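J.: Predicted coordinates and the sequence they were generated for:
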Amino acid sequence: MISHDVLIVGGGLAGLRAAIESSRYADTAVISRVHPLRSHTGAAQGGINASLANIEANKDDNWEKHAYDTTKGSDFLADQDAVEIMTREAPARIIEMEHWGCPFSRTSDGKIAQRPFGGAGYPRTCYAADKTGHYLLVTAYEQALKQNVKFYNEWFATSAIIDKGAIKGITAFDILTGDLEVFAAKAVVLATGGAGWTYGKSTNSMINTGSGMAIAYRAGVALKDMEFVQFHPTALYPTCILITEGARGEGGYLVNSKGERFMQRYAAKAMELAPRDIVSRSIQKEIDEGRGVKDLYVHLDVRHLGKTKILSNLPGIRDIAMQFADIDPITEPIPVQPAQHYTMGGIDCNAKCETTIKGLYAAGECACISVHGANRLGGNSLLDTVVFGKIAGEEAGRFVKSAPQESGKNVLFENSLKTEKEHIQNLFEGNGDEDTALLREEMRGLMVEKAFMFRNKDDLVAANSKLQQLRTRYGKLRPIARYKVFNLDLIRAIELGEMLELAEVIVASALSREESRGSHVRLDFPKRDDVRFLKHTLAYKSSDGPRIESSPVKIVRWQPEERKY
Amino acid sequence: MTTTSPKTIRLHIQRFDPKTDTAPHYDTFEVTTRPRMTVLDALFQVLETKDRLLAFRYSCRSAVCGSDAMFINGKQRLACNTQISELGDEVTIAPLPRIPVVKDLAVDIRPFFEKMERIKPFLVPREPYPEKEFLQSPKDRLKIDVAIDCIDCGACLSACPSAWTDPDYIGPAASVKAARFVADTRDIAKKERLKLVGCEDGVWRCHTIFNCADACPKSIDPPHFIQYLKRKATVAALRR
């Protein structure tokens, strides 16, 4: 058994920021399924929002305007008290990352550079070329090393250990040895990222399988607003690798097969910089109505920005386009299509990152606080990780210091270990012939076909029954390779089980919400319905599948209004 | 160079489990190609249809996370951004050479990161911090460009003959990281850092063979930064 006061599960930006903070109060360790620098944060490109007012064009910006844009972007589903915390804290958290060494791009007078992003009234997105996530992740990792945070890299978490409504630790196995262990802890912060890999078309890293969400859900915590899945407008065709919104922020155009800047039709004022839900739907509409290129994608054209600007501000996407599509954006337009990008929903927690289990916290993409509501603004996810990562770390650290917390009993740990060992043993002794890879691809295809950007009851009902079949078939898996060291077959079997449950929650939540709001579009309920659905969806695990409940939206300053751009 | 119609190619993959095998061997697998297939895609095809025990690392599949550096047809490359169509019909894949193997294509990357930790791998700025950000001109910011793009994949260390003969050598990536801080106008620990790298197992161990530059998937030129540190370390030593 391994023991720490505070255990952070996940080594991306939220987890690292939580660890940096928590280690100021208490003995802290991070466990991560990959080395922290391999986390999905590193794939974030365009930037991180804060009303720094660093340039002439944004000198009137302030946190309240950031809060309003975030709330409007969320289609008024975000909790406004949490949005206020995030936007107020934004400048301090970003300046702190700069003090710690993050190599932000600079204005001519040496300040942090800012660029326009979708749905924002001012150029508010602080950036470091188009590799902002990579640089922030490296910087946070360096600070965690400086703080002597203990790391358990390449450990795969499998379950939460709960006793009388309080967290006592987690179980995890060492990928390099296969050994299953109990990590006893007085507080646990889940920071495991999103569940993008439930979709066949996703910009996400392949490790984004929603592990922490599944762990919390199985432990009895609700998953909140899981129907809200962000589809990024510009994923590279066909691999779905992200092409940053910063490309449009820098002035890039979206063009259909007729050469039209079609956003004119959908958001005449904001054009390419309308929020992501709107731009994604517009692109899909162009493709569906026959104005896509080869009926498959549209063009993102940055050629008019010129070579110098592309090389200085968008070098990463140029590399991606060249390496993965054989296209040089300096001379050719980039083929792009919408793809799953971000999980707005997640582990239900409050603005202190507390869940309903004592001592269990969540932060970053796996959490739903909620600051993104029905649609997240670009540049707000990195911000979410540093603001609420810090809060989660601080709350967890203080929690273990404030009062002596009772450690878990040995018998509890032994039982947890036994249960997990049996679970893995069952996978090794599978008596069916179903294959994990085939089931996974069926699920991912199903989610694209039936629960993507445009939804309706029939599709969702069909998706739900197909998911039941897939779950039944998951119970009849072929034997999983019985092997200790670096067992990818086992890891992929466990994550499939988790993803099937999360897909079921996404579909059940989408079925329950009979309205269109933000990223969630029901063709059979095309209008937003504030009377019935200005509320959060809560999905609880039950023996009959997800049990759907709801909780109120916290409205502080802004009543819902029509969302126009 | 897009592969237009599917064809069958052969992957020769080095296999080794140090716990059970006495020596590495190669297994050959036939793989059906598809357009834009990468080496990583091909490895997944093997894992999912031919051999469930194959071990390799992956995460972002877009060349930013550094998980999947390996030795592909005799060169250190990332599996995820290497197109199968560039490689011909026979593809040989081995783990990064000269780094201990955990299993098959997954190497023990810990020593690589331990080297990094020796150079004081975090910014040491003037304190107390200003209320706002440290000012840094775009020109000064340019001084750390490229060096900050390292994705810690380990390809350079694997390719470095100096590291092969001196396991204590900090190697190209850690040197680049040190250069990144020495060149950063916000950092005030330059002297200490130059001492850390200006030693026998530091930058002086580099014999400018340039294998690391060839190996780097992010087009970083470590010798450029190592020469920079050598110059700085020499001046610092003379002033001491």
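T.: Looks like it came in fine.

J.: and A:Arg398, that one's in a strand?
T.: No. Going by DSSP: H, G, I helix; E, B strand; the rest coil, the assignment for A:Arg398 is helix, not a strand.

J.: ok, the nearest residue to it once chain neighbours are set aside - how many residues close by?
T.: In space, and not counting its chain neighbours, A:Arg398 is closest to A:Tyr25: 5.9 Å by CB to CB, 6 or more residues apart in numbering or on different chains. In short, each C-beta sits where N, CA and C put it, glycine included. Neighbours of A:Tyr25 under the rule other CB atoms under 10 Å in any protein chain shown: 20.

J.: A:Asp174: what's its closest spatial neighbour, skipping adjacent residues?
T.: A:Trp155 (5.5 Å).

J.: Sketch out the low-pLDDT regions of chain B for me.
T.: B:1-4 (pLDDT under 70).

J.: Please, where are all the strands along it?
T.: For chain B, the strands defined by DSSP state E occupy B:8-15, B:25-32, B:69-72, B:75-78, B:90-94, B:101-103, B:106-107.

J.: returning to what we had before: which of the helices or strands spans the residue nearest to A:Arg398?
T.: Using DSSP states H and E, A:Tyr25 sits within no helix or strand.

J.: Can you give me the separation between A:Met206 and B:Met116?
T.: 25 Å (CB to CB, to the nearest Å).

J.: so which helix or strand takes in A:Lys418?
T.: A:Lys418 belongs to helix A:410-428, assigned by DSSP H and E.

J.: Check the offset of that helix from the chain's centre.
T.: The chain centre lies 29 Å from the centre of helix A:410-428; the measure is CA atoms, centre = their mean, to the nearest Å.

J.: What lies in contact with it?
T.: Helix A:410-428 has contacts (CB atoms under 8 Å, 6 or more residues apart in numbering or on different chains) with A:1, A:158-159, A:161, A:163, A:168-169, A:171, A:173, A:180-182, A:184, A:477, A:479-480, A:482, A:490, A:493-494.

J.: Give me the buried subset of the residues you listed.
T.: Buried subset of those (neighbour count, 16 or more other CB atoms under 10 Å in any protein chain shown): A:158-159, A:161, A:163, A:168-169, A:171, A:173, A:180-182, A:184, A:477, A:480, A:490, A:493-494.

J.: Among the contacts of helix A:410-428, name the ones in helices.
T.: A:Leu490, A:Ala493, A:Ile494 (DSSP state H).

J.: Next, the contact list for the last one, please.
T.: When the contact criterion is CB under 8 Å, 6+ apart, the partners of A:Ile494 are A:Phe156, A:Thr158, A:Leu427.

J.: same thing with the first one?
T.: Taking CB under 8 Å, 6+ apart as the contact definition, A:Leu490 lies against A:Ile424, A:Leu427, A:Ile480, A:Ala481, A:Tyr483.

J.: so how far is the top helix by length along chain B from its chain's centroid?
T.: Counting residues, the longest helix found in chain B (DSSP H) is helix B:222-239. Relative to the centre of its chain, helix B:222-239 is centred 22 Å away, using CA atoms, centre = their mean.

J.: what sits up against it?
T.: With CB under 8 Å, 6+ apart as the criterion, helix B:222-239 contacts B:147, B:156, B:172-173, B:175-176, B:178-180, B:182-183, B:190-191, B:194-195, B:197-198, B:202-204, B:206, B:208, B:210, B:212-213, B:216.

J.: Drop anything exposed from those residues.
T.: B:147, B:156, B:172-173, B:175-176, B:178-180, B:182-183, B:190, B:194-195, B:197-198, B:202-204, B:206, B:212-213, B:216.

J.: sorry, back to before: ok, the residue nearest to A:Asp174 to B:Pro97 distance?
T.: 27 Å.

J.: between the two, who's got more neighbours?
T.: Ranked by neighbour count (other CB under 10 Å), A:Trp155 and B:Pro97 place A:Trp155 first, with 25 against 13.

J.: Around chain B, pick out the residues from the stretch 101-250 of chain A.
T.: Residues of the stretch 101-250 of chain A lying near chain B by CB under 8 Å from any CB of the partner chain: A:101, A:103-112, A:131, A:134-135, A:138-139, A:142-143, A:145-146, A:176, A:205-207, A:238-239, A:241-242.

J.: quick one: the helices in chain B?
T.: Under DSSP H, chain B gives helices at B:39-49, B:110-117, B:138-142, B:155-159, B:161-165, B:171-182, B:190-197, B:211-215, B:222-239.

J.: could you say what helices and strands the fifth one packs with?
T.: The contact analysis (3 or more CB pairs under 8 Å, 6 or more residues apart in numbering or on different chains; DSSP states H and E) places helix B:161-165 against helix B:171-182.

J.: Only alpha carbons, please: show the helix it packs on as PDB.
T.: Provided in PDB are the C-alpha atoms of helix B:171-182 (Å, rounded to 0.1, in the frame of the first residue of the first chain):
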ATOM      1  CA  GLY B 171      22.800  14.700 -23.300                       C
ATOM      2  CA  PRO B 172      21.200  16.900 -26.000                       C
ATOM      3  CA  ALA B 173      17.700  17.500 -24.600                       C
ATOM      4  CA  ALA B 174      18.700  18.500 -21.100                       C
ATOM      5  CA  SER B 175      21.400  20.800 -22.700                       C
ATOM      6  CA  VAL B 176      18.700  22.400 -24.900                       C
ATOM      7  CA  LYS B 177      16.600  22.900 -21.800                       C
ATOM      8  CA  ALA B 178      19.500  24.500 -19.900                       C
ATOM      9  CA  ALA B 179      20.100  26.800 -22.900                       C
ATOM     10  CA  ARG B 180      16.500  27.700 -22.900                       C
ATOM     11  CA  PHE B 181      16.800  29.100 -19.400                       C
ATOM     12  CA  VAL B 182      20.300  30.700 -19.800                       C
END
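
J.: Show me what it packs onto, helices and strands only.
T.: Looks like helix B:171-182 contacts helix B:110-117, helix B:155-159, helix B:161-165, helix B:190-197, helix B:222-239 (3+ CB pairs under 8 Å, 6+ apart).

J.: What residue in chain B comes nearest to chain A?
T.: B:Leu123 (3.0 Å; CB to the nearest CB).

J.: unless I'm mixing things up, that residue is touching A:Pro103, no?
T.: No. Applying CB atoms under 8 Å, one finds B:Leu123 not in contact with A:Pro103, separated by 9.5 Å.

J.: so what sits against both of the two?
T.: B:Asp184.

J.: Run a quick neighbour tally on the residue lying closest to A:Ala113 once chain neighbours are set aside.
T.: Nearest non-adjacent residue to A:Ala113, counting by CB to CB, 6+ apart: A:Ser105, 4.0 Å away. A:Ser105 has 22 neighbouring residues, counting by other CB under 10 Å.
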